[in-house]
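**Student:** turn this into a structure:
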Amino acid sequence: MAAENDKSRLDDAARAGWLYFIAGHTQDEIAKMLQVSRASAQRLVSLCLAERLITFRLEHPIAACMELAARLKERFDLVHCEVVPADSAAPQATAGIAERCANLLDSTLRSETPVIVALGTGRAVRAAVERVTPIDRPNHQIVSLVGNISADGSASFYDTVGRLADRTGARHYPMPLPFLMSSEDERNRMVRIEPIAKVKAVAARADLRLVGIGQMDQKAQVHVDGFVTRDELFEMMRLGAIGEITGWAYDAKGRVLKAGTNKRLTSIPPEVPAKTTTIGAAVGAAKVAAISAALSGGLINGLITDEATARAILER
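**Tutor:** Residues are numbered from 1 along each chain as shown. Just a heads-up that it's a prediction; the model follows:
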């Protein structure tokens, strides 16, 4: 009975949202149409937004953002670049870039021709997947680029492959390995076992790679999320690590390090230079150095970021 009531309320919220945002009715008009109070109509519209029953996309290109994207594309020879308006009240918020990443995923997944999408982890990528329009594409394939099991055996909340498969009906290939193995030899043995080799083979044929970009400092996400210890993080920083993509740490020139945790990492290595369309999604002053290095080193050949971050990259 509770489930039926919840469904009925969501139906009402969806109807109220359509009437308000699509049909353009006022809340007073909606209240009369649905035979509820104005306060109830207002709550239904709010519920529609809170449950993401209706979403919005900005279609009008903003000149300043377009100009920044063009400059980044020219400087770093990118195949794809989008710059969204900055949110001065929340300079590290990922909502803007997540919306554009979702748009990119939507346009890729709409293809009737089978495609392979490879995903990294991270907040921006996860948020993008949550915004993807559900579509039935059982012939597509979704593959993980990164081992998603932390040192304590728990799976990452920001794993995205299963979630995108749920929204598309596509076959999906997680990377069922710890993020780090205990030794380089153990890593080498594990990545050669047949199921993992098959995941790597699928990833090697990807049409699109979408990855987050992390900084390597005391607030590094790989440490905050429990994938590397404090000592391991500090070792990588001493080795010159400035950023990471799917866990692979690299220096200020975008060179992937050949030491430290990289020797025990199970994630699929980045192409250097990137040949597959490889889009990095990241914002924030703390990530400017990491994004710049990834661009300079050819670890990514596409970028989705915001205005403030784009300006900071171009000013370096």
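
**Student:** identify the residues contacting the one residue sitting closest to the centre of the chain.
**Tutor:** Residue closest to the mean C-alpha point of the chain, counted by Cα atoms, centre = their mean, is residue 125 at 1.1 Å. With contact set as Cβ atoms under 8 Å, 6 or more residues apart in numbering, residue 125 has these partners: 101, 119, 158, 160, 210, 211, 212, 281. For every residue, glycine as well, the C-beta is placed using N, CA and C.

**Student:** buried ones in the helix or strand containing it?
**Tutor:** Using DSSP states H and E, residue 125 falls within helix 123-131. Judged by neighbour count (16 or more other Cβ atoms under 10 Å), helix 123-131 contains these buried residues: 123, 124, 125, 126, 127, 128, 129, 131.

**Student:** does anything pack onto the helix or strand just after it? Which helices or strands?
**Tutor:** Note on helix 123-131: by DSSP H and E, the next helix or strand toward the C-terminus is strand 141-144. Contact here means 3 or more Cβ pairs under 8 Å, 6 or more residues apart in numbering; DSSP states H and E; on that basis strand 141-144 packs against strand 116-119, helix 161-168, strand 171-173, helix 194-204.

**Student:** could you dump these to JSON lines with mean pLDDT and mean neighbour count?
**Tutor:** Shown next, in JSON lines, are the helices and strands packed on strand 141-144 (pLDDT from 0 to 100; neighbours: other Cβ atoms under 10 Å):
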{"stretch": "strand 116-119", "mean pLDDT": "98", "mean neighbour count": "25"}
{"stretch": "helix 161-168", "mean pLDDT": "93", "mean neighbour count": "19"}
{"stretch": "strand 171-173", "mean pLDDT": "95", "mean neighbour count": "20"}
{"stretch": "helix 194-204", "mean pLDDT": "95", "mean neighbour count": "14"}
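
**Student:** and the ones you listed as JSON lines, adding distance to residue 251?
**Tutor:** Listed next are these as JSON lines, based on distance: least, Cβ to Cβ, whole Å:
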{"stretch": "strand 116-119", "distance to residue 251": "24"}
{"stretch": "helix 161-168", "distance to residue 251": "29"}
{"stretch": "strand 171-173", "distance to residue 251": "30"}
{"stretch": "helix 194-204", "distance to residue 251": "24"}
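
**Student:** closest one to residue 309 among these?
**Tutor:** strand 116-119 (21.3 Å; Cβ to Cβ).

**Student:** what lines up beside the closest one in the sheet?
**Tutor:** strand 141-144 (parallel), strand 208-212 (parallel) (DSSP bridges).

**Student:** what about those, which gets the closest to residue 90?
**Tutor:** strand 208-212 (17.5 Å).

**Student:** ok so, going back, could you export the buried residues of helix 123-131 as a markdown table, including pLDDT and distance to residue 147?
**Tutor:** Below are those laid out as a markdown table (pLDDT from 0 to 100; distance: Cβ to Cβ, whole Å):
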| residue | pLDDT | distance to residue 147 |
| --- | --- | --- |
| 123 | 88 | 18 |
| 124 | 91 | 19 |
| 125 | 94 | 15 |
| 126 | 92 | 16 |
| 127 | 91 | 21 |
| 128 | 94 | 21 |
| 129 | 94 | 18 |
| 131 | 90 | 25 |
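
**Student:** would you map the strands across this protein?
**Tutor:** Along the chain, counting by DSSP state E, strands occupy 80-84, 116-119, 141-144, 171-173, 208-212, 214-215, 243-245, 248-250, 277-281, 302-306.

**Student:** pLDDT averaged over the third one - what is it?
**Tutor:** Read it as strand 141-144. Across strand 141-144, the average pLDDT comes to 97.

**Student:** I figured residue 176 hits residue 153, correct?
**Tutor:** No - here residue 176 does not reach residue 153: they are 12.0 Å apart, not a contact under Cβ atoms under 8 Å.

**Student:** so where's the stretch 51-200 of the chain shaky on pLDDT?
**Tutor:** Applying pLDDT under 70 to the stretch 51-200 of the chain picks out residues 57-61, 91, 150-151, 155-158.
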